[in-house]
Structure formats: C-alpha cells, structure tokens
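1. Sharing a model that was predicted from the sequence below.
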Amino acid sequence: MFRTVVFSPDGKYSGWKEYSNLPEKLDTNEVRISDRQWEDKESLILIDGRTYVSKQQTNKIANIHFSKLVNDLLDAQAIELGYDSTLTIVSFSDDDANPVWQAEAKAFKVWRSQVYNALHSIQNKITSGTGVIPEDYVFLSSIPKFTSK
C-alpha cells in the first residue's frame, strides 16, 4: 500500500490518497509519505513545492533559515560600509572619538532592529498559522533598506 498527501495551492494539507500500486506519476500537488508520517498527515505542510514538514517543525525551520538570511544580510551591509561584520560596526556606536563612525553605527543599529522586527513578524505569522513560509526573494524584499540618515 502506498499513501500520498494532497496539498492545496497555498501548501496546506487538503487530503490524502491510498494506492495499492503507486502510479507512474503523481499529481503535482501530491507527495508520497512514509508510514511514520501517515499518523501526522493532517499536520504536514508543503514549504517549497517539494519539501513537506509537520506544522510543529515550521517554526524551527523559519527561525533557522530566515535568521541565517538576516545575519547574512546584516554582515553584507556592514562589509559594504567598510566594516568586517555587524559586530564591528555596532561596536562603534559608543565611540565618541569619531562622530562619523558613531553616527553610522547608530543608524546601522536602528536598521538592524527594523530588520529583526520584520523577521519576527514573519516568524509569528508562520507560527500562528496566519502566514506561509515565503520564498527568499519575497522575504528579503519585505526587509527595510539601510539608510545612513
């Protein structure tokens, strides 16, 4: 016996099918699952058109994946500004000896908070079930852009 889960276009569980013989091709919104996953079939969600996970794993996946994207984005911006990392630029926020660096670091810290607020907003929507895991480019386009002023 072969079992599949059927997902709606937005990636949520919408049903299941059983086959005595697995067909040569499954529908595009259908994924074969193991016997172990069968017990939790109603809690599975599709996150990228190919990978399915339980709703309980969603928050962990979002935290890890989007936190990495955010940290990479912050470091990339720091490097673009001439610093070697987020930690380095932030360390200049209390540097009274160089007001230019201090101002830039303070602006960066404000932006960093805005970025983390956006991250937490997405994670809360996913966890509460009011949102789905967005594609990376959609998530990154929702992040505020850095301005030094």
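-> Perfect, thanks for sending it.
2. Could you use CA atoms for every contact and neighbour count after this?
-> OK.
3. contacting residues around Phe92?
-> Trp101, Gln102, Ala105 (CA atoms under 8 Å, 6 or more residues apart in numbering).
4. what's the pLDDT at the second one?
-> This points to Gln102. For Gln102, the model assigns a pLDDT of 95.
5. Skipping adjacent residues, who's closest to it in space?
-> Ser93 (4.6 Å; CA to CA, 6 or more residues apart in numbering).
6. Any stretches of the chain with poor pLDDT?
-> Within the chain, the segments meeting pLDDT under 70 span 1, 10-13, 33-62, 149.
7. domain assignment for it?
-> 2-46, 58-141 (automatic domain parsing).
8. which residue packs closest to the residue positioned nearest the centre of the chain, ignoring adjacent ones?
-> Central residue of the chain (CA atoms, centre = their mean): Phe66, 3.6 Å from the mean position. The shortest distance from Phe66 to any non-neighbouring residue, by CA to CA, 6+ apart, is to Leu119 (7.0 Å).
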